[in-house]
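Q: With the input below, show me the fold.
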Amino acid sequence: MTSRAPEFPEYIRENYPAQGRLFGDFLGGLWATACEALDVPVEQSVRTTRMLRSLLPPWAHERIGSAPAQPSYVADDGFPAEMSVNWSGAQPELRILFDSLGHDVVWPGESVFRSRRLDHVRETFTPRAGRPTPAPLWHSIAWRPPSGVVHKTYFGLYSWPHTHREAAVTDAMARLGLARAWADARRRVETVEGEREIEFFAVDLTDEAQARVKIYYRNHDAGLAQVERVAAVALHHDSERALAAYRTLTGERPDAGEAALSCLAFRSGVDRAAESTTYLRMPALVPDDGEAVERTAALLHGQGVDPGRFRTLAAALAPGPLSEGKGVLELVSFRAAGRPGDVTTYFRLPVYDRPPPSPLSPVDLG
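A: Numbers count the residues shown, from 1 in each chain. Take a look at the predicted model:
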């Protein structure tokens with residue numbers, strides 16, 4: 001979900017405590033650091049850190065080198081994981097997203113419903129359904145204390161020709177009983193000017209009635225008005241609130257920066273996209289992470305969220321002074337669907353010395 005490597009001075013990269021450590025130890029340490037910054041009780045922090053380590057793929061037992069042995073598309077230096085926090089509600093929700101890198105991930109205690117939900121669509125993203133390659137699988141763990149953990153799975157479509165992406169999504173939505181909603185959303189999105197491509201298909205692995213199916217678009221050279229028109233495809237969306245949030249992050253510039261993302265969420269029983277989320281890439285909009293944090297803090301404050309814990313978390317995850325780096329706070333998303341403070345911040349870490357070759361094939365957007 002990135003397009004360029006983060007920018008950090010050499011001394012910051014040299015001092016960042018990642019290389020030589022096991023992936024699992026490093027990510028477990030980040031999770032514990034985030035729990036401390038978010039004032040999570042120590043017992044809950046220890047328990048969920050152990051849970052995280054047990055759920056990571058086999059690459060968690062390998063050591064981090066100076067360059068990725070198998071580059072991932074999660075982060076633009078090839079690192080296979082990112083951390084994010086959603087700030088709505090009484091307690092922030094802590095998340096880690098990671099690339100399976102071809103390994104199977106089995107959630108402990110998953111219900112038959114969860115297995116069937118994923119199995120309904122898994123095959124359509126493989127060569128057995130005529131796709132050029134298997135879609136990479138990403139997984140997410142989301143935890144809002146003191147609730148239980150929620151699991152999500154993402155199919156990466158970014159290396160396929162557009163016809164295969166559209167065919168796979170259409171097939172998967174039909175299998176999940178959402179064909180009508182997808183047809184409506186697709187028709188509405190196609191009326192919005194500009195260029196964009198479907199990049200991900202995701203499912204919530206839960207048996208709750210509010211479980212979502214999500215389709216992500218990457219926008220190219222889009223203005224704020226364009227990404228807002230895509231967001232307004234959703235049934236539950238407040239355009240006035242959304243535009244105000246975007247402008248806080250962009251500093252009043254009219255464009256949405258580099259490769260903004262639009263996510264449409266679908267729910268059973270709703271015959272159109274139910275909600276939408278817009279993701280803006282902060283490195284394309286600000287000179288450094290210090291400014292990115294200040295703009296995001298202003299957005300949180302305007303949404304009624306005390307930005308204190310966010311500032312503490314950003315400082316704890318950054319490898320050096322926020323004003324001397326760029327790219328730790330990679331994405332900030334906003335959803336205007338009735339819930340106040342629905343802001344999510346996405347953190348990338350400067351793990352590798354140099355970016356890997358791009359995993360993507362050139363795409364003709366025309």
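Q: tell me which residues of stretch 260-269 are tucked away?
A: Within stretch 260-269, the residues that count as buried by 16 or more other CB atoms under 10 Å are 260-267. (C-beta placed from N, C-alpha, C; glycine too.)
Q: Which parts of the stretch 151-300 of the chain are helices?
A: 162-175, 179-189, 224-231, 239-250, 289-302 (DSSP state H, counting those that start in this stretch).
Q: can you tell me which two in the buried residues of stretch 260-269 are farthest apart?
A: The distance between the two most remote of the buried residues of stretch 260-269 (CB to CB) is 23.6 Å, for Ala260 and Arg267.
Q: what's the span of stretch 123-139 from first residue to last?
A: The first and final residues of stretch 123-139 sit 17 Å from each other (CA to CA, to the nearest Å).
Q: avg pLDDT for it?
A: Averaging pLDDT along stretch 123-139 gives 95.
Q: So which bits of it are buried?
A: Residues of stretch 123-139 classed as buried: 124-125, 131, 135-139 (neighbour count, 16+ other CB under 10 Å).
Q: do stretch 198-212 as well
A: In stretch 198-212, counting by 16+ other CB under 10 Å, buried: 198-206, 211-212.
Q: How about stretch 235-244?
A: For stretch 235-244, by 16+ other CB under 10 Å, it's 235-237, 241-243.
Q: got those residues as a markdown table, with pLDDT and distance to Gly29 columns?
A: As requested, the buried residues of stretch 235-244 are arranged in a markdown table below (pLDDT from 0 to 100; distance: CB to CB, whole Å):
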| residue | pLDDT | distance to Gly29 |
| --- | --- | --- |
| Leu235 | 95 | 41 |
| His236 | 94 | 38 |
| His237 | 95 | 38 |
| Arg241 | 94 | 36 |
| Ala242 | 96 | 35 |
| Leu243 | 96 | 39 |
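Q: Same list, the residues you listed, but as JSON lines with distance to Trp87 please.
A: Formatted as JSON lines, the buried residues of stretch 235-244 follow (distance: CB to CB, whole Å):
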{"residue": "Leu235", "distance to Trp87": "23"}
{"residue": "His236", "distance to Trp87": "19"}
{"residue": "His237", "distance to Trp87": "19"}
{"residue": "Arg241", "distance to Trp87": "15"}
{"residue": "Ala242", "distance to Trp87": "16"}
{"residue": "Leu243", "distance to Trp87": "19"}
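Q: if you count residues, which strand in this structure comes out on top?
A: Scanning the chain for the strand with the most residues, using DSSP state E, yields strand 195-205.
Q: okay, how far is it across stretch 35-43, tip to tip?
A: For stretch 35-43, the first-to-last residue distance is 10 Å (CA to CA).
Q: pLDDT on that stretch, on average?
A: Stretch 35-43 shows a mean pLDDT of 94.
Q: Could you give me the buried positions within it?
A: 35, 37-38, 40.
Q: what's next to stretch 238-245, contact-wise?
A: Residues from elsewhere that reach stretch 238-245 (CB atoms under 8 Å, 6 or more residues apart in numbering): 224, 228, 231-232, 278, 299, 302-303, 334, 336-338, 343.
Q: ok, which pair from the residues you listed is furthest apart?
A: Maximum distance among these (CB to CB): 21.4 Å, for Leu224 and Gly338.
Q: Settle it for me: which of the two has more neighbours?
A: Leu224 (22 against 11; other CB atoms under 10 Å).
Q: Would you agree that one is in contact with Pro254?
A: Yes - counting by CB atoms under 8 Å, Leu224 touches Pro254, with 6.0 Å between them.
Q: Give the next helix or strand downstream of the strand or helix carrying Val85.
A: Using DSSP states H and E, Val85 falls within strand 81-86. Sequence-wise, the next helix or strand downstream of strand 81-86 (DSSP H and E) is strand 93-99.
Q: List the contacts of that following strand.
A: Residues outside strand 93-99 that contact it (CB under 8 Å, 6+ apart) are 27, 30-31, 34-35, 38, 40, 52, 56-57, 72-74, 80-86, 136-144, 154.
Q: So which of the helices of the stretch 151-300 of the chain is the most surrounded?
A: Highest mean neighbour count of the helices of the stretch 151-300 of the chain: helix 224-231, a mean of 22 (counted as mean count of other CB atoms under 10 Å).
Q: Distance from the chain centre to that one, please.
A: 19 Å (CA atoms, centre = their mean, to the nearest Å).
Q: Same check on stretch 252-264?
A: For stretch 252-264 - counting by CA atoms, centre = their mean - the centre lies 15 Å from the chain centre.
Q: ok, now stretch 271-291?
A: 10 Å.
Q: Next, the buried residues of that stretch.
A: Applying 16+ other CB under 10 Å to stretch 271-291 flags 272-286, 288-291 as buried.
Q: just the CA coordinates of that stretch, formatted as CSV?
A: Taking Å, rounded to 0.1, in the frame of the first residue of the first chain, the C-alpha atoms of stretch 271-291 are listed here in CSV:
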residue,chain,number,x,y,z
ASP,A,271,-27.9,-2.9,-1.4
ARG,A,272,-25.1,-0.4,-1.8
ALA,A,273,-21.8,0.5,-0.1
ALA,A,274,-22.6,1.1,3.5
GLU,A,275,-19.6,3.2,4.6
SER,A,276,-16.4,4.7,3.2
THR,A,277,-13.0,5.5,4.5
THR,A,278,-10.4,7.8,2.8
TYR,A,279,-6.7,7.4,3.5
LEU,A,280,-4.2,10.2,2.9
ARG,A,281,-0.5,9.6,2.7
MET,A,282,1.2,12.1,5.0
PRO,A,283,4.7,12.0,3.5
ALA,A,284,3.3,13.5,0.3
LEU,A,285,1.6,16.3,2.2
VAL,A,286,4.1,17.5,4.8
PRO,A,287,7.8,18.2,5.1
ASP,A,288,8.4,15.9,8.1
ASP,A,289,6.8,13.6,10.7
GLY,A,290,6.6,16.5,13.1
GLU,A,291,4.2,18.4,10.9
